[in-house]
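K.L.:
Here is my input; please provide its structure:
(2 chains)
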Amino acid sequence: MPRLSILLAALLSSVPAGAAEPLELPKVSFNRDIRPIMSDTCFHCHGFDAKTREAGLRLDIREEALKKTENDILPIVPGKPELSGIITRILDDEDPMPPEKAHKPFTAAQKELFRRWVAEGAEYEPHWAYAPLTKPAVPAGGNPIDAFVQAKLRERGIEPSVEASKSKLLRRLSLDLTGLPPTPSEVTAFMAQTSPDAYGKKVERLLASPHFGERMAVWWLDIARFADTVGFHGDQNQRIYPYRDYVIDAFNTNKRFDQFTLEQLAGDLLPNATPAQLVATGYNRLNMMTREGGAQTKEYLAKYGAERVRSVAAAWFGSTFGCAECHDHKFDPIKTRDFYELQSFFADVKQWGVYGDYKYTPEPELAGMNNDYPFPPEIEVESPYVIKRLKAAEANLKTHLEQWRASQTQLSSKSWETELAPFLTQHPEGWITPTATALLIQNGKPVPKSVIEITADAAVKTKPAPGKGQSLEVTLPCTELATVSSLRIDVLQDPPTTEKPTDIQISLSLVQADGKKQVVSIASADARIKAPRYSGGVQAIGIEKGWTLPYKAVQGAVSGLYILESPFRVRSGDKLIVTVTGSNSKPLRFSLSPLAALEPLDTASKETLSALATPAEKRTALQQTAVFETWFTAGAPDPAALKTAHTLAGAVRDLNEGRTWTMVTQATQPLKVRVLPRGNWQSEAGDVVLPSTPSFLPARLESTEQKRLTRLDLAKWIVSKENPITARAVMNRLWQQFYGVGLSAVVDDLGSQGELPSHLDLLDWLASEFKDSGWDVKHMIRLIVTSQTYRQSSSLRPELKDIDPANRLLASQNPRRLDAEFIRDNALAIAGALNVDDIGGPSAKPYQPADYYDALQFPSRDYIQTTDREQWRRGVYMHWQRTFLHPMLANFDAPARDECAALRTGSNTPQQALTLLNDPSFVEAARLLATRLLSDATSREPIARLHLAYQIALARTPKPKEIDSLLSFLIQQQTHFTQNPNDAAKLIRIGLSPIPEIDPIQLATWTSLCRVILNSQEVITRY
Amino acid sequence: MHTDAPFHNISRRSFIHQSAYGIGGIAYSLLADQSRAASALGKPDHWHGALQQAHLPVKAKRVIFLCMAGGPSQLETLDWKPKLKELHDKPFPESFTKGQQLAQLQGAELKARGSFTNFKKFGQAGTEISELFPHIGSLADDLCVIRSMQTEQINHDTAHAFMNTGSIIKGRPSMGSWLTYGLGAETQDLPGFIVLTSTGKNGQQPISARQWSSGVLPSKFQGIKFQSRGDAVHYIGNPEGVCQSTQRQVVDEIKRMNNILAEEQNDPEIATRISQYEMAFKMQTSVPDLMDFKNEPKEMLDLYGIQEVGDGSYASNCLLARRLAERGVRMIQLYHRAWDHHTNLEAGIKESAQAVDRATAGLIKDLKQRGMLEDTLILWSGEFGRTPMGQGTGRDHHILSFSNFLVGGGIKPGITWGSTDELGYRAVENIVPVHDLHATMLALLGIDHHRLTTKFQGLDVRLTGIAGKVIKGIMA
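P.N.:
A predicted model of the protein is given here:
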């Protein structure tokens, strides 16, 4: 930030250090004073990019700048500004440099700086961010951070600010480390502590909280451009949340940052990679992707490759490689070749330019993929969150069955078993294949000339195969059966064919002898062999809604099992009609059974059959349970209880054994990467490049024809001790989290167009310490938050306004408006509604304005808000739709995460006010906070309730002024709602949470008050 | 430091974040030497624009961009190619297409598809326009039809990005954001950049909020999309059971709390927050007023061909656009998602033409009769064009030629600009790349496109990238 540096330099250098001392200007520093100006104004024509260099003059390298130019001029003569060409031109009003057309004229102060710099010898310094990293000596003082900061303050004669109040500190610490406010009991306990190490202990407790990982994940997920959707065109859902769980877990377990780096960039290349390490490689898959028909594979692979370079460079180098896609960087020594060499490290990441098998861009591997499909490659992994839900769901089902069983004193399975016995003797496998008749139907009428054949193995075969709009109606006489409980369909595919995928959907009805017809519902259905079916990227577990066979043919018969929701007693002449739709050309065989199981695939299992064959008194406990469950499901002694059981069993099955899918990196034959002239993806003219680390950074690694470097080599180099930039970039961003501004404020550009750090020695010390500590993130955070610099009051000091307008010397803390996710977390936590028990898991969908996705297509979709506890999950879990980010997140400056976003802008807008005032999430939170206040047994009076409200929301007691004002406001609101009880009733209905049994007028009055609290600047700001 | 770009030398990131004592997120304290800053300090909530004074004569004060999303066929709208019609269904000459990027037609056998419709000469200018657009045609003497547009992006998503931001790199501000950043808005109680969308019955393609994103500019410059259902602006309506007077009381009480906070906490964001709540409250009244069409007479609805006001149709949006223009909104963008005719071109174009012809003409006439057309710049354009080769019953995407028209503020009326080869495959005369269109539009608003910039990652980012030439020939 050249302007500021110059202002500061000018200001500081003109302020005498002491009144009596003569004025002495500090030496001009190339990095601080000259490089930023050169970078902004000179390098464009006289810098790194040879193609645009003019007059043969190059100013970024000293020895070049001392050489005669093409015009025979000596640009710089050290010590002799009057003989230096650049000074002459800078001072030339007729034909100045920079030229007028650049619209960047020098100020008088800038001209003078240049003159002095040349006069002082025109010394160059290597760019700070790329220079080797050495650990600076710490000035005297306690915490090294304080030592560096205070040394600089002392130079200016500035005292640090006083420490913030205890309650403010606790709130600051809680919000910074966990994104949550302290609970009232935490406040009380902390305020009561007098021991000097109370603060330190609190730091440790918060660092150990599982919410620490959730808070830090927000920091990293912006960098990793984590989102739930692919971003381009149809912006379909992608499956990736286990990666987010990995990130949360990494921070919670304090995974070393070097390991964190290796796993994300190259976890798949680590020896014996663990599932978590594979999940981590989802990082490489978070680039935006397209499925747009007509998109060109090669073009999009070029886009993906380029994005990956930009994101990796931004994440680990704090560097702006983007420009180098088309030309050598104008301001930094980043060459086009560097760009493509970095890209080529990732040339082995398996992906498709266009995620569909279109006729104009055939991708046979993606055959059958539609807009509901996910984005391979993926792996199936266990999700701790889903396992937790699964255990709960299983317990629910078990309890339901056990309770029903225990409650049965009258009913027993005996008569059912007796009735069943002859059937099982006749059909020991539990199934009967009735002689079927069938018709091919279109528009309710048989299709003429269609031939239905019943094959030797009793299957129905149609000629021709059913076409579009046609269905196969199969009639199955229910003879020999007393009860029909389930249906099995065998698809006979001998010999196997590899034509179109087989897709079967069925519906059932029962026709009685008198012709009466009724629908028969299917409770659940499943098949062992099936291709996945998706809706909006979500996989259907069973085959109730349709059964797709794998595209590649499977040898032999495959079976689908359908469990009837209500098994029916067979009366003479009953027939079951199976209507089959979908594309199928294979023979189908239909069988019926009086047996059934809650898990369809367990129907008529060997265990069940042998239990039934065992005399009752000889059955083991396991067998008794098997018989009981079969009777309960197939005999349906209690249809209502059975229906509930099916629902509960469905919930278990939906949780897919606790497993879920996630995108990962799979290494494949690397694509050829060429330098693309001006980024033109169609060009084949550029050189083919191999992976190499950036040429301008130390300890460069280069591929050879014999040995191609890998992503793992890159990752290892990134975290090597020779690479100076990663630790600087990461520490600079970490600093920003705790002070609102990075030590170098332009955290996403540590290059020469960025800003020289306000405290370079401190940043270098932090970066060195980070490495020395074993890349220990918690250690660094501990150092930061225990420093006195962090603990200062955040009230700005008017007397410093002119000396340090941007508070870069850190004579006080900076207030920080909470990031979008934490604005919501904080409000919900204050309301007592936030779901803090669950860590990790799939994305949740809180309230969102209707039709927000109406411009989305392929597929068109509705946003279905979550209706259970998922509604109040933390912001880090909110569904991240790249093209239409949730308005609450967008209004509070959360990035769409199309690409790496290292810095959120901090705006202050009317949209934010509207969100906090009117978004149902916040209105409901206000009502829930009101409920909390009104239900508190110890705070019965308004004033006591206000005290409680402040304790909960701000960890402090209210001021008398606040109490006075709020009490008048309460009276005003009470009057209003008393006169308008309908309004009160409406206000307290907002949101999904149940309405408490509290007087609606009271509740509405206090809801109004709580809206004020949740909207106040102090609540949404970390002071 | 250059005088008319006060933030020129301040990195965006730092001007946002180094605002410890700043106002509204802008480091005014750094600009103490700027007289402008002093006046801005008096009105912390109102942004007057980064330009202190116009670089160029101001011909237009606002822009209405009628975005025909999906890519209308120029061959059925604005570019008459009789030779193509003669060649209909015959092989398309390979000399035209060799080595060119195609979308869905890549690798397919290419056949010419002549226009299914006829063109008519309209107005004194005799501008040839498809007879499917009689109302627009009747205004030919006001229009400047460009037949030589070219873009660089052949797929919808990226082509929209290019048309709106001049780049396909994410995070580049869209034109409306540049305008509100550069010029501010004339309204204080509505957003300066508003987006309306409507959907046709066919040829729909998705669009993305990225297209009206402020990108690397502060988010206050982002486009606000009005919803077709529910609240026009997200969260603009009071919660149920909260009347306007109660809301006012709540806002007042928030202000009191914030003022009490300001007594002990020195933080300029508090004052900004208070003013943002005031503005939010104003928006809560002005938006319903804006959306209340009951004073629009029947003739007015007929002029636009509106069946039912507020039905979310393109016609209704056109009327709303006029109301927004009247209220001082700087940029109004209408998307009509109805033009991606890979199949059923004939039925599709007819239907879409019917949906937009009368309403577009209605908007132009209405602005004209109010004397607003002279300082309102209207652009009617897709994100790309269509191939002169057929694709089944439709046409594929095409980037080497497409047509659009401009009308209003500073535009030379009754002219055509540029032309394509005899088959309409490639623009050959007075080619207009998207950057040149942008440069020209900015120029009409008084902005030198080289000089409206923001620093991002070391670059002076601008709408026209590193290109852009003002097309003097279409300027009045």
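
K.L.:
nearest residue to residue A:184 other than its sequence neighbours?
P.N.:
residue A:951 (4.7 Å; Cβ to Cβ, 6 or more residues apart in numbering or on different chains). Backbone N, C-alpha and C define where each C-beta goes, glycine included.

K.L.:
ok, that neighbour - how many residues close by?
P.N.:
Neighbour count of residue A:951, defined by other Cβ atoms under 10 Å in any protein chain shown: 20.

K.L.:
Check residue B:413 too.
P.N.:
17.

K.L.:
Which of the three states applies to it?
P.N.:
Assigned by DSSP: H, G, I helix; E, B strand; the rest coil, the conformation of residue B:413 is coil.

K.L.:
Kindly provide the distance from the nearest residue to residue B:444 once chain neighbours are set aside to chain A.
P.N.:
Nearest residue to residue B:444, sequence neighbours excluded (Cβ to Cβ, 6+ apart): residue B:410, at 4.0 Å. Using Cβ to the nearest Cβ, to the nearest Å, we find residue B:410 at a distance of 23 Å from chain A.

K.L.:
Does residue B:410 touch residue B:476 like I think?
P.N.:
Yes: counting by Cβ atoms under 8 Å, residue B:410 does reach residue B:476; the two are 5.5 Å apart.

K.L.:
Look up how far residue B:162 lies from the closest residue to chain B within the stretch 551-700 of chain A.
P.N.:
In the stretch 551-700 of chain A, the residue that lies nearest chain B is residue A:682 (6.5 Å; Cβ to the nearest Cβ). Distance of residue A:682 to residue B:162, computed by Cβ to Cβ, to the nearest Å: 16 Å.

K.L.:
before we move on, back to that, can you pull the contacts of the residue nearest to residue B:444?
P.N.:
Neighbouring residues of residue B:410 by Cβ atoms under 8 Å, 6 or more residues apart in numbering or on different chains: B:59-60, B:377, B:444, B:475-476.

K.L.:
on that earlier part again, name all residues that make contact with the residue nearest to residue A:184.
P.N.:
A:184, A:187, A:957.

K.L.:
ok now the helix or strand hosting it, how far from the chain's centre?
P.N.:
According to DSSP states H and E, residue A:951 maps onto helix A:942-954. Put simply, helix A:942-954 sits 35 Å off its chain's centre (Cα atoms, centre = their mean, to the nearest Å).

K.L.:
and the closest residue to residue A:338 other than its chain neighbours, how far is that from residue B:462?
P.N.:
In space, and not counting its chain neighbours, residue A:338 is closest to residue A:694: 4.8 Å by Cβ to Cβ, 6+ apart. For residue A:694, the distance to residue B:462 (Cβ to Cβ) stands at 27 Å.

K.L.:
Also residue A:982?
P.N.:
Residue A:982 is 55 Å from residue B:462, by Cβ to Cβ.

K.L.:
Look at the two and report which has more neighbours.
P.N.:
Between residue A:982 and residue B:462, counted using other Cβ under 10 Å, residue B:462 has the larger neighbour count: 25 against 10.

K.L.:
and the stretch 51-200 of chain B, which of its residues are near chain A?
P.N.:
Within the stretch 51-200 of chain B, the residues that sit near chain A (Cβ under 8 Å from any Cβ of the partner chain) are B:101, B:103-108, B:154-158, B:168-171, B:197, B:199.

K.L.:
What's the ChimeraX line that selects buried ones from these?
P.N.:
Entered in ChimeraX, the line below selects the buried ones among those, by 16 or more other Cβ atoms under 10 Å in any protein chain shown:
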select /B:101,103,104,105,106,154,155,156,157,158,168,169,170,171,197,199
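
K.L.:
all strands for the stretch 351-476 of chain B, in order.
P.N.:
Assigned by DSSP state E, counting those that start in this stretch, the stretch 351-476 of chain B shows strands spanning B:376-381, B:385-391, B:394-398, B:402-408, B:415-417, B:419-420, B:427-429, B:432-433, B:454-456, B:459-461.

K.L.:
Does anything pack onto the third one? Which helices or strands?
P.N.:
This points to strand B:394-398. On a contact count with 3 or more Cβ pairs under 8 Å, 6 or more residues apart in numbering or on different chains; DSSP states H and E, strand B:394-398 meets helix B:345-369, strand B:385-391.

K.L.:
can you do 7 Å?
P.N.:
Helices and strands touching strand B:394-398, by 3 or more Cβ pairs under 7 Å, 6 or more residues apart in numbering or on different chains; DSSP states H and E, are strand B:385-391.

K.L.:
How far off centre is the strand it packs on?
P.N.:
25 Å.

K.L.:
Who's the closest spatial neighbour of residue A:171, skipping the chain neighbours?
P.N.:
Distance criterion Cβ to Cβ, 6+ apart; nearest residue to residue A:171, sequence neighbours excluded, is residue A:955 at 4.5 Å.

K.L.:
Would you mind measuring from that neighbour to residue A:181?
P.N.:
Distance from residue A:955 to residue A:181, by Cβ to Cβ: 7 Å.

K.L.:
Overlap of the contact sets of these two?
P.N.:
residue A:171 (Cβ atoms under 7 Å, 6 or more residues apart in numbering or on different chains).

K.L.:
For stretch B:71-84, buried residues please.
P.N.:
B:71-81, B:84.

K.L.:
Just the strands from the stretch 451-600 of chain A, written as ranges.
P.N.:
A:451-454, A:460-463, A:470-477, A:483-492, A:503-511, A:517-520, A:522-527, A:533-535, A:538-540, A:547-548, A:557-569, A:575-581, A:588-593.

K.L.:
Kindly tell me how buried residue B:372 is, as a neighbour count.
P.N.:
17.

K.L.:
what do you get for residue B:365?
P.N.:
Using other Cβ under 10 Å, residue B:365 has 17 neighbouring residues.

K.L.:
Show me which residues of the stretch 701-850 of chain A sit near chain B.
P.N.:
Applying Cβ under 7 Å from any Cβ of the partner chain, we find that the stretch 701-850 of chain A lies next to chain B at A:740-741, A:745-746, A:748-749, A:751, A:753-755, A:795-796, A:798, A:801, A:805-808, A:814-815, A:817, A:849-850.
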